[in-house]
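> what would the 3D arrangement of this be:
(one chain, ligands or ions: 1)
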Amino acid sequence: MKATAIASTDIALVKYWGRKNNELRIPSNTNIAMLLDDMLTTTTVEFSEEYEEDYFNFEGTDLEPGRAYDRVVRHVQRIRDVAGIELNAKVHSKNSFPAGTGLSSSSSGFGALTVATAKAAGLDLSIPELSRLSRMASGSACRTVVNGGFAIWHAGDSDETSYSEQLFPQDHWNLVDVIALVSKGPKKISSSRGHKLAPTSPFFEARNAYMPQRVDDCIQYIKDRNFSKLGELIEHEAIDLHCIMMSSYPNLLYMTKESFNLIKLVQQWREEEGIEAYFTLNTGQDVHIICEEGTKDKVVEKLKEIEDVRDVRVNHVGEGARLSEEHLF
Ligand code: PMV
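Numbering: from 1, shown residues only. As a prediction, this is how the structure comes out:
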(Lines give C-alpha, C1' and ligand atoms only; values in the text may rest on other atoms or scores of the structure.)
Protein backbone atom coordinates (compact mmCIF):
# COMPACT_ATOMS: atom_id res chain seq x y z
CA MET A 1 0.00 0.00 0.00
CA LYS A 2 2.84 2.39 -0.82
CA ALA A 3 2.97 4.53 -3.97
CA THR A 4 5.01 7.41 -5.32
CA ALA A 5 4.00 9.97 -7.91
CA ILE A 6 5.80 12.80 -9.68
CA ALA A 7 3.81 15.77 -10.96
CA SER A 8 4.81 18.86 -12.91
CA THR A 9 3.60 22.30 -12.12
CA ASP A 10 2.09 24.33 -14.94
CA ILE A 11 1.80 27.83 -16.33
CA ALA A 12 -1.66 29.01 -17.32
CA LEU A 13 -1.89 30.71 -20.71
CA VAL A 14 -5.57 31.46 -20.09
CA LYS A 15 -5.96 31.90 -16.34
CA TYR A 16 -8.29 30.48 -13.75
CA TRP A 17 -9.34 33.43 -11.61
CA GLY A 18 -12.54 33.48 -9.58
CA ARG A 19 -14.90 30.62 -8.90
CA LYS A 20 -18.55 29.85 -9.61
CA ASN A 21 -18.55 27.62 -6.55
CA ASN A 22 -15.94 28.00 -3.81
CA GLU A 23 -16.61 24.74 -2.02
CA LEU A 24 -16.29 22.63 -5.18
CA ARG A 25 -13.63 24.93 -6.69
CA ILE A 26 -15.57 25.31 -9.93
CA PRO A 27 -13.77 28.06 -11.88
CA SER A 28 -15.56 31.04 -13.38
CA ASN A 29 -14.03 30.30 -16.78
CA THR A 30 -12.55 27.43 -18.73
CA ASN A 31 -8.76 27.83 -18.74
CA ILE A 32 -5.65 26.48 -20.47
CA ALA A 33 -2.16 25.64 -19.20
CA MET A 34 1.14 24.26 -20.36
CA LEU A 35 2.78 21.68 -18.09
CA LEU A 36 6.41 22.41 -17.12
CA ASP A 37 9.20 19.84 -17.06
CA ASP A 38 11.59 21.35 -14.52
CA MET A 39 9.24 22.19 -11.67
CA LEU A 40 8.34 18.91 -10.06
CA THR A 41 6.87 17.55 -6.86
CA THR A 42 7.59 13.97 -5.80
CA THR A 43 5.31 12.43 -3.17
CA THR A 44 5.25 9.02 -1.52
CA VAL A 45 2.19 7.82 0.38
CA GLU A 46 1.79 4.70 2.45
CA PHE A 47 -1.28 3.50 4.34
CA SER A 48 -0.54 1.18 7.21
CA GLU A 49 -1.98 -0.15 10.46
CA GLU A 50 1.36 0.79 12.04
CA TYR A 51 0.63 4.51 11.80
CA GLU A 52 -1.25 5.91 14.78
CA GLU A 53 -2.04 9.16 12.98
CA ASP A 54 -1.44 10.80 9.62
CA TYR A 55 2.16 11.95 9.14
CA PHE A 56 3.24 14.59 6.67
CA ASN A 57 6.90 15.29 6.03
CA PHE A 58 7.76 18.11 3.63
CA GLU A 59 11.34 18.48 2.43
CA GLY A 60 12.70 16.53 5.41
CA THR A 61 10.65 18.27 8.13
CA ASP A 62 7.72 16.66 9.94
CA LEU A 63 4.80 19.07 9.84
CA GLU A 64 2.62 19.62 12.90
CA PRO A 65 -1.13 20.22 12.55
CA GLY A 66 -1.57 23.65 10.98
CA ARG A 67 -2.54 25.11 7.62
CA ALA A 68 -0.28 23.00 5.36
CA TYR A 69 -0.65 19.75 7.32
CA ASP A 70 -4.45 20.12 7.58
CA ARG A 71 -4.82 20.74 3.85
CA VAL A 72 -2.86 17.58 3.05
CA VAL A 73 -4.73 15.45 5.59
CA ARG A 74 -8.10 16.74 4.37
CA HIS A 75 -7.17 15.62 0.87
CA VAL A 76 -5.94 12.21 2.02
CA GLN A 77 -9.28 11.86 3.83
CA ARG A 78 -11.21 12.64 0.62
CA ILE A 79 -9.40 9.77 -1.08
CA ARG A 80 -9.81 7.44 1.91
CA ASP A 81 -13.55 8.12 1.69
CA VAL A 82 -13.62 7.16 -2.00
CA ALA A 83 -11.60 4.00 -1.31
CA GLY A 84 -13.57 3.12 1.82
CA ILE A 85 -10.45 2.64 3.96
CA GLU A 86 -9.68 3.91 7.44
CA LEU A 87 -5.92 3.37 7.73
CA ASN A 88 -3.64 6.27 8.63
CA ALA A 89 -1.13 7.49 6.10
CA LYS A 90 2.48 8.56 5.98
CA VAL A 91 3.18 11.20 3.32
CA HIS A 92 6.61 12.45 2.29
CA SER A 93 6.90 15.17 -0.30
CA LYS A 94 9.61 17.28 -1.91
CA ASN A 95 9.81 19.90 -4.61
CA SER A 96 12.50 20.65 -7.15
CA PHE A 97 11.80 24.39 -6.72
CA PRO A 98 10.82 26.85 -3.95
CA ALA A 99 7.24 26.48 -2.61
CA GLY A 100 4.76 29.22 -1.76
CA THR A 101 6.24 32.05 -3.80
CA GLY A 102 3.61 31.96 -6.54
CA LEU A 103 5.33 29.32 -8.68
CA SER A 104 2.24 27.10 -8.49
CA SER A 105 3.68 24.63 -6.00
CA SER A 106 0.13 23.69 -5.00
CA SER A 107 -0.66 22.46 -8.51
CA SER A 108 2.21 19.95 -8.68
CA GLY A 109 1.88 19.27 -4.94
CA PHE A 110 -1.75 18.25 -5.00
CA GLY A 111 -1.43 16.56 -8.41
CA ALA A 112 1.30 14.28 -7.02
CA LEU A 113 -0.57 13.76 -3.73
CA THR A 114 -3.75 12.73 -5.55
CA VAL A 115 -2.07 10.24 -7.86
CA ALA A 116 0.11 8.68 -5.12
CA THR A 117 -2.69 8.51 -2.52
CA ALA A 118 -5.21 7.03 -4.94
CA LYS A 119 -2.74 4.33 -5.96
CA ALA A 120 -1.69 3.60 -2.36
CA ALA A 121 -5.38 3.33 -1.45
CA GLY A 122 -5.81 0.67 -4.14
CA LEU A 123 -7.93 2.83 -6.46
CA ASP A 124 -7.65 2.64 -10.22
CA LEU A 125 -9.01 6.00 -11.35
CA SER A 126 -9.39 7.53 -14.80
CA ILE A 127 -7.79 10.89 -15.65
CA PRO A 128 -11.09 12.80 -15.30
CA GLU A 129 -11.63 11.17 -11.89
CA LEU A 130 -8.11 12.04 -10.73
CA SER A 131 -8.58 15.54 -12.11
CA ARG A 132 -11.85 16.09 -10.24
CA LEU A 133 -10.30 14.85 -7.00
CA SER A 134 -7.21 17.07 -7.42
CA ARG A 135 -9.47 20.04 -8.13
CA MET A 136 -11.03 19.72 -4.68
CA ALA A 137 -7.61 20.30 -3.08
CA SER A 138 -6.22 22.97 -5.43
CA GLY A 139 -7.94 24.17 -8.59
CA SER A 140 -4.89 24.35 -10.83
CA ALA A 141 -3.78 20.88 -9.64
CA CYS A 142 -6.56 19.38 -11.74
CA ARG A 143 -4.60 20.34 -14.89
CA THR A 144 -1.45 18.48 -13.85
CA VAL A 145 -2.86 14.94 -13.96
CA VAL A 146 -3.55 14.91 -17.72
CA ASN A 147 -1.25 13.01 -20.11
CA GLY A 148 1.21 15.91 -20.36
CA GLY A 149 1.55 18.78 -22.83
CA PHE A 150 -1.18 21.41 -22.92
CA ALA A 151 -4.20 21.00 -20.66
CA ILE A 152 -7.68 22.45 -20.78
CA TRP A 153 -9.76 22.67 -17.62
CA HIS A 154 -13.42 22.69 -18.61
CA ALA A 155 -15.10 24.98 -16.09
CA GLY A 156 -18.32 22.94 -16.08
CA ASP A 157 -20.96 23.65 -13.50
CA SER A 158 -20.80 20.65 -11.16
CA ASP A 159 -18.28 18.27 -9.65
CA GLU A 160 -18.81 15.81 -12.54
CA THR A 161 -18.37 18.37 -15.33
CA SER A 162 -15.41 20.38 -13.99
CA TYR A 163 -12.18 18.57 -14.92
CA SER A 164 -9.14 18.77 -17.20
CA GLU A 165 -7.99 16.85 -20.22
CA GLN A 166 -5.07 16.97 -22.60
CA LEU A 167 -5.52 19.51 -25.37
CA PHE A 168 -2.28 18.82 -27.26
CA PRO A 169 0.51 16.38 -26.42
CA GLN A 170 3.97 17.26 -25.12
CA ASP A 171 5.64 17.07 -28.53
CA HIS A 172 3.06 19.29 -30.26
CA TRP A 173 5.17 22.45 -29.92
CA ASN A 174 8.49 23.06 -28.19
CA LEU A 175 7.58 26.19 -26.32
CA VAL A 176 9.77 27.21 -23.42
CA ASP A 177 8.87 28.98 -20.18
CA VAL A 178 11.93 30.86 -18.93
CA ILE A 179 11.09 31.89 -15.37
CA ALA A 180 12.82 34.96 -13.99
CA LEU A 181 12.81 34.68 -10.21
CA VAL A 182 12.66 38.05 -8.55
CA SER A 183 10.66 37.13 -5.45
CA LYS A 184 12.32 37.57 -2.09
CA GLY A 185 10.02 35.44 0.07
CA PRO A 186 6.71 33.62 0.25
CA LYS A 187 3.71 35.39 -1.24
CA LYS A 188 1.57 37.15 1.35
CA ILE A 189 -1.90 36.61 -0.09
CA SER A 190 -3.06 33.09 -0.91
CA SER A 191 -4.65 32.53 -4.31
CA SER A 192 -7.72 31.13 -2.51
CA ARG A 193 -8.35 34.56 -1.02
CA GLY A 194 -7.80 36.13 -4.44
CA HIS A 195 -10.37 33.86 -6.10
CA LYS A 196 -12.95 34.88 -3.51
CA LEU A 197 -12.25 38.59 -4.03
CA ALA A 198 -12.33 38.46 -7.85
CA PRO A 199 -16.11 39.17 -8.14
CA THR A 200 -15.63 42.41 -6.17
CA SER A 201 -13.75 43.91 -9.13
CA PRO A 202 -16.02 46.05 -11.32
CA PHE A 203 -14.26 44.50 -14.33
CA PHE A 204 -14.88 40.86 -13.42
CA GLU A 205 -18.18 40.59 -15.27
CA ALA A 206 -16.63 42.11 -18.39
CA ARG A 207 -13.81 39.55 -18.20
CA ASN A 208 -16.22 36.64 -17.92
CA ALA A 209 -18.09 37.86 -21.00
CA TYR A 210 -15.06 37.64 -23.30
CA MET A 211 -13.44 34.52 -21.82
CA PRO A 212 -15.18 31.94 -24.07
CA GLN A 213 -13.77 33.72 -27.15
CA ARG A 214 -10.31 33.99 -25.57
CA VAL A 215 -10.32 30.27 -24.80
CA ASP A 216 -11.31 29.42 -28.39
CA ASP A 217 -8.61 31.73 -29.77
CA CYS A 218 -5.98 30.21 -27.51
CA ILE A 219 -6.85 26.68 -28.66
CA GLN A 220 -6.66 27.78 -32.31
CA TYR A 221 -3.27 29.52 -31.89
CA ILE A 222 -1.74 26.52 -30.12
CA LYS A 223 -3.19 24.20 -32.77
CA ASP A 224 -1.71 26.35 -35.59
CA ARG A 225 1.52 26.98 -33.64
CA ASN A 226 0.92 30.68 -34.26
CA PHE A 227 3.39 32.10 -31.78
CA SER A 228 2.84 35.84 -32.41
CA LYS A 229 -0.90 35.50 -31.89
CA LEU A 230 -0.52 33.26 -28.86
CA GLY A 231 2.07 35.61 -27.34
CA GLU A 232 -0.17 38.63 -27.80
CA LEU A 233 -3.04 36.73 -26.19
CA ILE A 234 -1.08 35.60 -23.14
CA GLU A 235 0.25 39.09 -22.39
CA HIS A 236 -3.29 40.53 -22.55
CA GLU A 237 -4.49 37.71 -20.35
CA ALA A 238 -1.78 38.31 -17.72
CA ILE A 239 -2.46 42.05 -17.62
CA ASP A 240 -6.23 41.47 -17.41
CA LEU A 241 -5.71 39.06 -14.52
CA HIS A 242 -3.68 41.64 -12.61
CA CYS A 243 -6.26 44.35 -13.41
CA ILE A 244 -8.92 42.20 -11.73
CA MET A 245 -6.60 41.65 -8.76
CA MET A 246 -5.71 45.33 -8.45
CA SER A 247 -9.33 46.47 -8.71
CA SER A 248 -10.72 43.96 -6.17
CA TYR A 249 -11.89 45.15 -2.74
CA PRO A 250 -9.52 45.13 -0.91
CA ASN A 251 -7.08 45.36 -3.79
CA LEU A 252 -4.44 42.72 -4.37
CA LEU A 253 -1.04 43.85 -5.53
CA TYR A 254 1.07 40.85 -6.42
CA MET A 255 3.45 42.56 -8.83
CA THR A 256 6.49 44.36 -7.50
CA LYS A 257 8.62 46.97 -9.20
CA GLU A 258 10.99 44.18 -10.26
CA SER A 259 8.14 42.31 -12.01
CA PHE A 260 6.98 45.50 -13.66
CA ASN A 261 10.45 46.41 -14.90
CA LEU A 262 10.85 42.94 -16.35
CA ILE A 263 7.60 42.93 -18.29
CA LYS A 264 8.51 46.28 -19.80
CA LEU A 265 11.93 44.91 -20.73
CA VAL A 266 10.39 41.86 -22.46
CA GLN A 267 8.32 44.20 -24.62
CA GLN A 268 11.37 46.37 -25.30
CA TRP A 269 13.51 43.38 -26.34
CA ARG A 270 10.75 42.36 -28.70
CA GLU A 271 10.25 45.79 -30.27
CA GLU A 272 13.86 46.93 -30.42
CA GLU A 273 15.84 43.71 -30.79
CA GLY A 274 13.35 41.36 -32.41
CA ILE A 275 13.52 38.83 -29.55
CA GLU A 276 10.14 37.20 -29.86
CA ALA A 277 9.18 36.41 -26.28
CA TYR A 278 6.06 37.24 -24.27
CA PHE A 279 5.46 37.49 -20.53
CA THR A 280 2.87 36.04 -18.23
CA LEU A 281 2.42 36.23 -14.45
CA ASN A 282 0.49 34.38 -11.77
CA THR A 283 -0.09 35.26 -8.13
CA GLY A 284 3.57 35.92 -7.55
CA GLN A 285 6.19 38.43 -8.45
CA ASP A 286 8.18 36.10 -10.69
CA VAL A 287 7.86 36.63 -14.42
CA HIS A 288 7.32 33.76 -16.86
CA ILE A 289 8.75 34.50 -20.29
CA ILE A 290 7.33 32.28 -23.00
CA CYS A 291 9.32 31.78 -26.19
CA GLU A 292 10.12 29.15 -28.79
CA GLU A 293 13.18 26.89 -28.37
CA GLY A 294 15.29 28.94 -30.82
CA THR A 295 14.90 32.13 -28.76
CA LYS A 296 15.48 30.58 -25.32
CA ASP A 297 19.27 31.13 -25.08
CA LYS A 298 18.95 34.78 -26.00
CA VAL A 299 16.27 35.30 -23.31
CA VAL A 300 18.37 33.53 -20.66
CA GLU A 301 21.41 35.62 -21.63
CA LYS A 302 19.40 38.84 -21.34
CA LEU A 303 18.00 37.86 -17.94
CA LYS A 304 21.43 37.04 -16.56
CA GLU A 305 22.45 40.67 -17.10
CA ILE A 306 19.67 41.92 -14.81
CA GLU A 307 20.64 42.43 -11.18
CA ASP A 308 17.13 41.90 -9.75
CA VAL A 309 16.86 38.44 -11.31
CA ARG A 310 18.00 36.02 -8.58
CA ASP A 311 17.66 32.89 -10.64
CA VAL A 312 16.45 31.68 -14.03
CA ARG A 313 14.58 28.38 -14.52
CA VAL A 314 14.18 26.99 -18.01
CA ASN A 315 11.12 24.77 -18.52
CA HIS A 316 10.10 22.87 -21.60
CA VAL A 317 6.64 21.38 -22.03
CA GLY A 318 6.21 18.74 -19.33
CA GLU A 319 4.69 15.32 -18.73
CA GLY A 320 1.55 14.72 -16.72
CA ALA A 321 1.57 13.25 -13.22
CA ARG A 322 2.95 9.72 -13.23
CA LEU A 323 3.80 6.91 -10.85
CA SER A 324 7.41 6.15 -9.94
CA GLU A 325 9.14 3.20 -8.31
CA GLU A 326 11.58 5.48 -6.47
CA HIS A 327 9.92 5.93 -3.09
CA LEU A 328 10.98 8.72 -0.74
CA PHE A 329 10.95 6.35 2.29
O1 PMV B 1 -4.98 26.85 -8.19
P2 PMV B 1 -4.81 28.13 -7.45
O3 PMV B 1 -5.88 28.36 -6.42
O4 PMV B 1 -3.43 28.27 -6.87
O5 PMV B 1 -5.02 29.35 -8.48
C6 PMV B 1 -4.18 29.58 -9.58
C7 PMV B 1 -4.34 30.98 -10.05
C8 PMV B 1 -3.41 31.43 -11.16
O9 PMV B 1 -2.14 30.86 -11.02
C10 PMV B 1 -3.26 32.95 -11.08
C11 PMV B 1 -3.98 31.14 -12.53
C12 PMV B 1 -3.88 29.72 -13.02
O13 PMV B 1 -4.77 29.37 -13.81
O14 PMV B 1 -2.94 28.99 -12.68
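> and the gap between residue 283 and the ligand?
5 Å (CB to the nearest ligand atom, to the nearest Å). Heads up, the C-betas are built off the backbone N, CA and C, glycines and all.
> output the longest strand belonging to the chain.
Assignment by DSSP state E gives strand 31-48 as the longest strand of the chain.
> any residue of that strand up close to the ligand?
Yes: shown here: strand 31-48 in contact with the ligand (CB under 6 Å from any ligand atom) through residue 31.
> and that strand, what's buried?
31-37, 39-47 (16 or more other CB atoms under 10 Å).
> who's in contact with the lowest-mean-pLDDT helix or strand in the chain?
Sorted by mean pLDDT, DSSP states H and E, the helices and strands of the chain end with helix 191-197, the least confident at a mean of 93. With contact meaning CB atoms under 8 Å, 6 or more residues apart in numbering, helix 191-197 is reached by 17-19, 22, 106, 139, 245, 248-250, 252, 282-283.
> which of those residues tops the neighbour count?
residue 17 (29 neighbours; other CB atoms under 10 Å).
> can you give me the buried ones in stretch 123-138?
Per 16+ other CB under 10 Å, stretch 123-138 contains these buried residues: 123, 125, 127-138.
> near the ligand, from the residues you listed?
Residues of those in contact with the ligand (CB under 6 Å from any ligand atom): residue 138.
> nearest to the ligand among the buried residues of stretch 123-138?
residue 138 (4.8 Å; CB to the nearest ligand atom).
> flag every buried residue along stretch 10-20.
10, 11, 12, 13, 14, 15, 16, 17, 18, 19, 20.
> quick check: the farthest pair among the residues you listed?
11 and 20 (23.0 Å; CB to CB).
> what is the neighbour count of the residue in the stretch 101-250 of the chain that the ligand sits nearest to?
When scored by CB to the nearest ligand atom, the stretch 101-250 of the chain has residue 140 as its residue closest to the ligand, at 3.2 Å. Residue 140 has 29 neighbouring residues, counting by other CB under 10 Å.
> the nearest residue to it once chain neighbours are set aside: neighbouring residues, count only.
Among residues not flanking residue 140 along the chain, residue 107 sits closest, at 4.0 Å (CB to CB, 6 or more residues apart in numbering). Neighbourhood size, residue 107 [other CB under 10 Å]: 31.
> just how off-centre is the least confident helix or strand of the chain within its chain?
Its chain's average C-alpha position is 15 Å from that of helix 191-197, according to CA atoms, centre = their mean, to the nearest Å.
> repeat that for stretch 48-68.
Worked out by CA atoms, centre = their mean, stretch 48-68 lies 24 Å from the chain centre.
> what are the ranges of the strands in the stretch 201-329 of the chain?
277-280, 287-292, 311-316, 322-324 (DSSP state E, counting those that start in this stretch).
> now the shortest one: mean pLDDT?
Strand 322-324 shows a mean pLDDT of 98.
> direction included, what does that strand pair against?
Note on strand 322-324: by DSSP bridges, its sheet partners are strand 2-14 (antiparallel).
> any idea how far the helix or strand just after the partner strand is from the middle of the chain?
Under the assignment DSSP states H and E, the closest C-terminal helix or strand after strand 2-14 is strand 19-21. Relative to its chain's centre, strand 19-21 lies at 18 Å (CA atoms, centre = their mean).
> phi, psi of the closest residue to the ligand within the stretch 201-329 of the chain?
Distances between the stretch 201-329 of the chain and the ligand by CB to the nearest ligand atom are smallest at residue 282, namely 3.6 Å. Main-chain torsions, residue 282, degrees, to the nearest 10: phi -110, psi -140.
> quick check, it in contact with residue 9.
No: between residue 282 and residue 9 there is no contact under CB atoms under 8 Å: 10.1 Å.
> helices of the stretch 51-200 of the chain, start to end?
67-83, 105-120, 127-137, 191-197 (DSSP state H, counting those that start in this stretch).
> highest mean neighbour count out of these?
helix 105-120 (a mean of 28; mean count of other CB atoms under 10 Å).
> list the helices and strands it packs on?
strand 2-14, strand 31-48, helix 67-83, strand 88-95, helix 127-137, strand 322-324 (3 or more CB pairs under 8 Å, 6 or more residues apart in numbering; DSSP states H and E).
> one more pass at 6 Å, please.
strand 2-14, strand 31-48, helix 67-83, helix 127-137 (3 or more CB pairs under 6 Å, 6 or more residues apart in numbering; DSSP states H and E).
> including distance to residue 202, could these go into CSV?
Converted to CSV, the helices and strands packed on helix 105-120 look like this (distance: least, CB to CB, whole Å):
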stretch, distance to residue 202
strand 2-14, 21
strand 31-48, 22
helix 67-83, 31
helix 127-137, 28
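> relative to residue 309, which of those is closest?
Of the helices and strands packed on helix 105-120, nearest to residue 309 by CB to CB is strand 31-48, at 16.5 Å.
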